[in-house]
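Novice: here are the coordinates; sequence isn't available:
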């Protein structure tokens, strides 16, 4: 029964696992950039985003949405749609962080977490319905 549930919800479960790991990559990169290296908020957010997106592409492609092909035709669709969607949600992340931290002076760690949760949800929908959509 558990195996059947896992198979039925595999992409959602794997996305949750790798979403958490992507969030960890994002949060750690942001923390190190902002608090340790003293890079300003927005550039720290961008650095964290780039590292998280690179990690997410590989994990989503291979283990979440089972798209192991690296042929040119597949990559021609997946790369621009993946990075395009991530650019849009990356801009949303930067906007949230700018408004919450730079303008409102709210807690940067809390708002980074809130922003990441919203971004993860939007990215899952885009990945499932557009980027790694199975042609059946």
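Specialist: Happy to help now that I have it. The model shown is predicted, which means the values in this text are computed figures rather than measured ones.

Novice: Every contact and neighbour count from this point should use C-alpha atoms.
Specialist: OK.

Novice: Could you pull out the helices in this protein for me?
Specialist: With DSSP state H as the criterion, the chain has helices at 2-8, 10-31, 41-59, 72-97, 108-126.

Novice: where in the protein is pLDDT low?
Specialist: For the chain, the stretches flagged by pLDDT under 70 are 135-136.

Novice: who's in contact with stretch 34-47?
Specialist: 29, 30, 33, 90, 93, 94, 97, 98, 101, 102 (C-alpha atoms under 8 Å, 6 or more residues apart in numbering).

Novice: quick one: buried residues of that stretch?
Specialist: Buried residues in stretch 34-47, counted by 16 or more other C-alpha atoms under 10 Å: 34, 39, 41, 42, 44, 45, 46, 47.

Novice: Type out the ChimeraX command that picks the buried ones from the contacts of stretch 34-47.
Specialist: Burial among the contacts of stretch 34-47 is assessed by 16+ other C-alpha under 10 Å; the matching ChimeraX selection reads:
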select :29,30,33,90,93,94,97,98,101
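
Novice: sorry, back to before: let me have the buried residues of stretch 34-47 in JSON lines, extended by distance to residue 122.
Specialist: JSON lines is the format used below for those (distance: C-alpha to C-alpha, whole Å):
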{"residue": "34", "distance to residue 122": "25"}
{"residue": "39", "distance to residue 122": "27"}
{"residue": "41", "distance to residue 122": "23"}
{"residue": "42", "distance to residue 122": "21"}
{"residue": "44", "distance to residue 122": "22"}
{"residue": "45", "distance to residue 122": "18"}
{"residue": "46", "distance to residue 122": "18"}
{"residue": "47", "distance to residue 122": "20"}
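
Novice: so, if you compare those residues, which one comes nearest to residue 129?
Specialist: Comparing the buried residues of stretch 34-47 against residue 129 with C-alpha to C-alpha picks out residue 46 as the nearest, at 25.7 Å.
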